[in-house]
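Q: got a structure for you, letters missing:
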């Protein structure tokens with residue numbers, strides 16, 4: 001696997017001004033609508049059980065062009081309490097143009113302390129770019145150190161049998177949930193709940209690929225009945241409470 005910094009340059013810095021094909025974009029949006037519902041369900045669970053999101057200070061690490069910070073701002077109506085950081089300067093500039101009421105800055109989650117504390121931190125498809133366990137743990141440590149006492153960390157990533165045994169041609173690779181839970185535990189984070197999204201179909205096909213091609217209801221029905229692993233998943237972590 002490439003280093004995460006090389007991957008950011010190749011995959012994100014050079015993609016910002018790309019002209020997208022309308023048909024491809026509409027297919028992608030069909031899948032994203034379902035994914036947005038899944039994130040909303042996670043946020044609603046957090047809001048009802050632990051935190052009032054309208055008052056929460058929220059950070060997204062690896063925010064890219066700001067799609068999910070913008071979505072969360074629509075949910076909370078408090079863009080001034082939301083911050084996004086990313087290693088890619090071009091995508092941060094795009095996020096600033098798209099979301100002027102949200103705070104964005106260029107930062108390296110692995111090498112730099114976050115520098116503030118938050119009630120909720122979100123990492124969306126970020127950790128799959130980290131090739132080594134030491135890098136993963138450094139990022140988790142920075143997140144743990146930047147959560148309030150009762151703060152929560154929302155981890156969203158791709159499912160894989162093991163992050164540390166990818167195909168030779170993989171530019172990035174997901175995690176077995178137990179892997180990230182084990183590493184998070186070493187940095188003082190413990191899981192509170194999980195939620196699966198999408199499904200891996202036979203032949204290493206991801207169910208997300210079928211949205212916009214066949215009816216969405218049929219894709220979802222296949223996701224429900226398929227015995228295969230999830231395509232992606234959420235794990236929500238809290239900080240381990242100190243023993244009294």
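A: Ah, there it is. Values in this document were obtained by computation on a predicted structure and should not be read as measured data. Numbers count the residues shown, from 1 in each chain.

Q: so the closest residue to residue 175 other than its chain neighbours, which of the three states?
A: Closest residue in space to residue 175, ignoring its immediate chain neighbours: residue 163 at 4.5 Å, by Cβ to Cβ, 6 or more residues apart in numbering. (Glycine included, C-beta is placed from N, CA and C.) Recorded secondary structure, residue 163: coil (DSSP: H, G, I helix; E, B strand; the rest coil).

Q: what ranges do the strands span in the protein?
A: Along the chain, the segments classed as strands by DSSP state E run 58-61, 82-86, 103-106, 118-124, 147-158, 189-197, 200-201, 205-206, 232-239.

Q: what's the local residue count around residue 29?
A: If you count neighbours by other Cβ atoms under 10 Å, residue 29 ends up with 12.

Q: what residues sit buried inside stretch 109-122?
A: 109-110, 114, 118-122 (16 or more other Cβ atoms under 10 Å).

Q: do the same with stretch 153-166
A: For stretch 153-166, burial by neighbour count (16+ other Cβ under 10 Å) applies to 153-160, 163, 166.

Q: ends of that stretch, how far apart?
A: In stretch 153-166, first residue to last residue: 25 Å (Cα to Cα, to the nearest Å).

Q: swap in stretch 197-215?
A: Start-to-end, stretch 197-215 (Cα to Cα) is 17 Å.

Q: point out where this structure drops to low pLDDT.
A: Along the chain, the model assigns pLDDT under 70 to residues 1-2, 7-25, 241-244.

Q: contacts only, for residue 5.
A: Counting by Cβ atoms under 8 Å, 6 or more residues apart in numbering, residue 5 makes contact with residue 87.

Q: and if you look at residue 148?
A: Counting by Cβ under 8 Å, 6+ apart, residue 148 touches 57, 117-119.

Q: picking that back up, quick one: which of the strands of the chain is nearest residue 215?
A: Among the strands of the chain, the nearest to residue 215 by Cβ to Cβ is strand 200-201 (15.8 Å).

Q: just to revisit the earlier point, turn the strands of the chain into a markdown table, including distance to residue 94.
A: Shown next, in a markdown table, are the strands of the chain (distance: least, Cβ to Cβ, whole Å):
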| stretch | distance to residue 94 |
| --- | --- |
| strand 58-61 | 14 |
| strand 82-86 | 10 |
| strand 103-106 | 9 |
| strand 118-124 | 16 |
| strand 147-158 | 21 |
| strand 189-197 | 25 |
| strand 200-201 | 31 |
| strand 205-206 | 26 |
| strand 232-239 | 24 |
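
Q: picking up where we left off before, what's the most distant pair in the buried residues of stretch 109-122?
A: Farthest pair in those, by Cβ to Cβ: 110 and 119, 22.4 Å.

Q: what about the spatially closest residue to residue 211 that is not a sequence neighbour, distance to residue 214?
A: What sits nearest to residue 211 in space, not counting adjacent residues and going by Cβ to Cβ, 6+ apart, is residue 31, at 3.7 Å. Per Cβ to Cβ, to the nearest Å, residue 31 is found 12 Å from residue 214.

Q: same thing with residue 191?
A: In terms of Cβ to Cβ, residue 191 sits 34 Å off from residue 214.
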